[in-house]
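In: turn this into a model:
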Amino acid sequence: MIADLTEADLPAAAIYNHYVATSTATFHTASESDDDFRSQVFFDNPVHGSLALHDGDELLGYGIVAPFKSRCGYRGTAELTVYLATGTTGRGLGGQLLIALEERARSVGLRTVIGTRSAPRTPPAFACSSGRATKRPATTKLSAKNSAAFSTS
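Out: As a prediction, the model looks like this:
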């Protein structure tokens with residue numbers, strides 16, 4: 001079942017932190033606290049929001065419709081994000097969440113949604129240390145299939 005993400009779904013932070021520790025998908029290098037996670041999934045603007053995917057009481061994953069950029073010219077654009085619990089990938093669940101996120105975006109008047117897929121197990125091109133970003137050589141070329149932007153209309 002897919003429904004709005006609520007405070008009861010805050011264990012989703014553990015899903016997110018798994019990807020912080022094991023991949024480059026989050027673009028974070030340190031785990032997020034519950035408060036940090038709340039700021040990523042709960043929004044003051046009703047145009048943006050988050051969905052949770054459950055199988056009974058088990059949280060399988062979540063998705064976010066988030067602001068893309070703060071400039072007013074992007075007010076009709078959102079970024080879609082999906083994270084799945086360990087052991088739930090490869091079953092089409094991410095696709096189900098993306099469809100639900102796109103439907104939600106369309107229902108609130110968003111015209112364009114954007115998503116990015118990171119390359120697996122690839123070191124980030126930039127590393128953050130003590131507030132300073134240092135460039136690392138890219139080890140994997142990303143292709144057009146790793147990014148997507150599409151219209152919701």
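In: buried stuff in the longest helix belonging to the chain?
Out: Using DSSP state H, we find that the single longest helix of the chain is helix 93-107. When burial is assessed from 16 or more other CB atoms under 10 Å, helix 93-107 yields the following buried residues: 93-94, 96-98, 100-102, 104-105. C-beta here means a position set from N, CA and C on the backbone, and glycine is covered the same way.
In: helix or strand right after it?
Out: The helix or strand immediately downstream of helix 93-107 is strand 112-116, counting by DSSP states H and E.
In: just name the shakiest helix or strand of this protein by mean pLDDT.
Out: Using mean pLDDT, DSSP states H and E, strand 132-135 stands out as the lowest-scoring helix or strand of the chain, at a mean of 41.
In: low-confidence regions, the chain specifically.
Out: Residue ranges of the chain with pLDDT under 70: 118-153.
In: most centrally placed residue in it?
Out: Central residue of the chain (CA atoms, centre = their mean): Thr81, 2.4 Å from the mean position.
In: how many neighbours does Gly73 have?
Out: For Gly73, the neighbour count with other CB atoms under 10 Å is 7.
In: pull the distance from stretch 84-99 to the chain's centre.
Out: Offset of stretch 84-99 from its chain centre (CA atoms, centre = their mean, to the nearest Å): 12 Å.
In: surely Tyr16 is in contact with Tyr83?
Out: Yes: using CB atoms under 8 Å, Tyr16 is in contact with Tyr83, at 5.7 Å.
In: circling back: packing partners of the longest helix of the chain?
Out: Using 3 or more CB pairs under 8 Å, 6 or more residues apart in numbering; DSSP states H and E, the elements in contact with helix 93-107 are strand 2-4, strand 49-55, strand 58-67, strand 77-84, strand 112-116.
In: ok, which of the ones you listed comes nearest Ala25?
Out: strand 77-84 (7.8 Å; CB to CB).
In: strands paired with the closest one, and their directions?
Out: strand 58-67 (antiparallel), strand 112-116 (parallel) (DSSP bridges).
In: neighbouring contacts of that strand?
Out: For strand 77-84, the surrounding residues in contact (CB atoms under 8 Å, 6 or more residues apart in numbering) are 12, 15-16, 19, 25, 47-48, 53, 60-69, 93-94, 97-98, 101-102, 105, 110-116.
In: that'll do, ta.
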